[in-house]
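*Asks:* Would you be able to build a 3D model of this:
(2 chains)
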Protein chains: 2
Amino acid sequence: MILEKEIDFILAIDALKNVNRRNFNYDNSRRENTAEHSWQVVVFAQILYPYARNSEKIDLGKVIKMLSIHDVVEIDAGDTFFYDEKANEGKFERELASAKRIFGILNEPLQSEFLNLWLEFEAGETEDAIFANAVDRMIPFTLNCFNNGQSWTEANVTFEKVKQLLRPKIERASQDMADTFDVLIKKAFDEGKLI
Amino acid sequence: MILEKEIDFILAIDALKNVNRRNFNYDNSRRENTAEHSWQVVVFAQILYPYARNSEKIDLGKVIKMLSIHDVVEIDAGDTFFYDEKANEGKFERELASAKRIFGILNEPLQSEFLNLWLEFEAGETEDAIFANAVDRMIPFTLNCFNNGQSWTEANVTFEKVKQLLRPKIERASQDMADTFDVLIKKAFDEGKLI
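*Replies:* All right, here's what the predicted structure looks like:
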């Protein structure tokens, strides 16, 4: 069959619908899964793009591709809670092995294109990856600021930890996003979602 | 707050995670929701793009944007089962009202950009929209061919109906996709998933 590897791949990544993240949906009904997150971050990138610091140097189409596959590695490696330092040890190596297996289902040149997009996202140094990383950090933060913030409160996440881990990467991508971050983290703290 | 409308929008479309579609995930564990589908179709477009009949005339970045927001209208209008002719009456009008409300949360020019992408997808006449529509039809069809096909069997969907409603739009976009469709629909029929 002509599209055999493409279909093997799309069936393999269907498993991302079963990878649950720590943070909850806006309506607090349940934790979101990584497939849903991957969609939402693709849309968020499009609406935040006009506010990017270096938008004229950013290839939005490439950013969207990058974000659409950036968490596929969680199929083998699982979702690692951002604020759990111990769980984050060895994360890159686990995820790299997963990336090689999953993208390796595809033929070339697509398997290399996806692997390189993932590596570029992880390195976070190009204009595209700086922006993509900022949007990826902004979306669960935003959900926590407007839902009950349960993924923070249940893990006793602190104001300082969130600010330290998120703000520099967000501010590097966009002053407007950083200014909004400042307003929202104060609101979350005042509401008792962060200690 | 600077990003107020952008955040209102991303919170409003969070509801897409609660819109269930008829078809099941690959592992048959549950019906997929429209947020998950929107992610999977964005990835499928990237891997099927090399097989598109007129790929040199297709703007893949635009196709991905189009697919990422094409089902946001289901937040108000609900998912309409593709093979239910009665339910499909008045679908466009319901969805247009939803598109105007939801995209209208955003500032210009983004609200018009999204509305126009949605209208272009619905009309299905440009090279970008022809390809996007074909990929959008191919993904639930593929899932049904490799899972238990429950969304077909529970509604007594026929081989002829699937072929009639899907194949012309798929063949218009890609001969390779149409050839694969032919192999898979025969397999599904032989396995008793279609009558």
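*Asks:* Tell me where chain A has helices.
*Replies:* Secondary structure of chain A (DSSP state H): helices located at A:4-12, A:34-48, A:60-69, A:74-77, A:91-103, A:110-123, A:127-146, A:150-153, A:159-173, A:175-190.
*Asks:* Tell me if I'm right that residue A:40 and residue B:34 touch.
*Replies:* No - taking contacts as C-beta atoms under 8 Å, residue A:40 lies outside contact range of residue B:34: 11.9 Å. All C-beta spots, glycine's among them, are computed from the backbone N, C-alpha and C.
*Asks:* So which of the two has more stuff around it?
*Replies:* Taking neighbours as other C-beta atoms under 10 Å in any protein chain shown, residue A:40 and residue B:34 compare with residue A:40 leading, 28 against 24.
*Asks:* Please name the nearest non-neighbouring residue to the more buried one.
*Replies:* Excluding the flanking residues, the one nearest residue A:40 by C-beta to C-beta, 6 or more residues apart in numbering or on different chains is residue A:139, at 5.9 Å.
*Asks:* quick one: is the lowest-mean-pLDDT helix or strand in chain A near chain B?
*Replies:* The weakest-scoring helix or strand in chain A, judged by mean pLDDT, DSSP states H and E, is helix A:74-77 (a mean of 93). No - using C-beta under 8 Å from any C-beta of the partner chain, helix A:74-77 never reaches chain B; the gap is at least 11.9 Å.
*Asks:* Now do the closest residue to chain B within chain A against residue B:13, distance only.
*Replies:* Nearest residue of chain A to chain B, counting by C-beta to the nearest C-beta: residue A:61, 2.6 Å away. Shown here: residue A:61 relative to residue B:13, a distance of 20 Å by C-beta to C-beta, to the nearest Å.
*Asks:* likewise residue A:153?
*Replies:* Residue A:153 is 25 Å from residue B:13, by C-beta to C-beta.
*Asks:* and the nearest residue to residue A:6 once chain neighbours are set aside, how many residues sit next to it?
*Replies:* In space, and not counting its chain neighbours, residue A:6 is closest to residue B:47: 4.8 Å by C-beta to C-beta, 6+ apart. Residue B:47 has 21 neighbouring residues, counting by other C-beta under 10 Å.
*Asks:* Retrieve the pLDDT associated with the spatially most central residue of chain A.
*Replies:* The residue lying closest to the centre of chain A (C-alpha atoms, centre = their mean) is residue A:136, at 3.6 Å. Per-residue pLDDT puts residue A:136 at 98.
*Asks:* same check, this time on residue A:4
*Replies:* pLDDT at residue A:4 comes out at 97.
*Asks:* same thing with residue A:1?
*Replies:* Per-residue pLDDT puts residue A:1 at 78.
*Asks:* how near is the residue nearest to the centre of chain A to residue A:5?
*Replies:* Residue A:136 is 28 Å from residue A:5, by C-beta to C-beta.
*Asks:* Repeat that for residue A:35.
*Replies:* With the distance defined as C-beta to C-beta, residue A:35 ends up 21 Å from residue A:5.
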